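Participant: Sequence and predicted structure below; questions after.
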Amino acid sequence: GEDGLEEDLRSASASHPELFTASVEEEAEETDKDFYAFLNVSPDCSMEELRAAKKRLALVWHPDRHSKMESGQLREDSRAHATAKFARLSYIVDVLTDPAKRKLYD
């Protein structure tokens, strides 16, 4: 349920703080270089693997999941970062799931 997801987010932020502290600009620059790295899939991945990666990351980066942190304080910077990551996720998945766009990207 939702409590389990919140625990997963706390665990992920503790074990991989760099994923939650990079600036939006740094992340966008890194992602521009490699869409597959953003999704954590191989360049020869299937459509099913892309869909699974999208679902997994959408759960992590949905802006509504970043409105409060552990202390309960509102964190607009965290929400803005999550919004940017979620938009980037949508863009990347749009490119990689369209065969013509994917071929151009590759």
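Facilitator: Arrived safely.
Participant: and the nearest residue to Asp106 once chain neighbours are set aside, how many neighbours does it have?
Facilitator: Ranked by C-beta to C-beta, 6 or more residues apart in numbering and with sequence neighbours excluded, the top spatial neighbour of Asp106 is Pro43, at 6.8 Å. Using the backbone N, CA and C atoms, a C-beta is placed for each residue, glycine as well. Neighbourhood size, Pro43 [other C-beta atoms under 10 Å]: 12.
Participant: Kindly report the same for the one 5 residues further on.
Facilitator: The local packing count at Glu48 equals 8, with neighbours defined by other C-beta under 10 Å.
Participant: For Lys55, see how far away it is.
Facilitator: Counting by C-beta to C-beta, to the nearest Å, the gap from Glu48 to Lys55 is 11 Å.
Participant: what does Tyr91 give?
Facilitator: Counting by C-beta to C-beta, the gap from Tyr91 to Lys55 is 16 Å.
Participant: Between those two, which is the more surrounded one?
Facilitator: For Tyr91 against Lys55, the residue with the higher neighbour count under other C-beta under 10 Å is Tyr91, and the figures read 13 against 10.
Participant: Surely the more buried one is in a helix?
Facilitator: Yes. Counting by DSSP: H, G, I helix; E, B strand; the rest coil, one finds Tyr91 located in a helix.
Participant: can I assume Leu59 is in contact with Arg65?
Facilitator: Yes. Taking C-beta atoms under 8 Å as the contact criterion, Leu59 and Arg65 are neighbours in contact, 7.4 Å apart.
Participant: Tell me which of the two has more neighbours.
Facilitator: Comparing Leu59 with Arg65 by neighbour count (other C-beta under 10 Å), the higher total belongs to Arg65, at 19 against 12.
Participant: Many thanks, have a good one.
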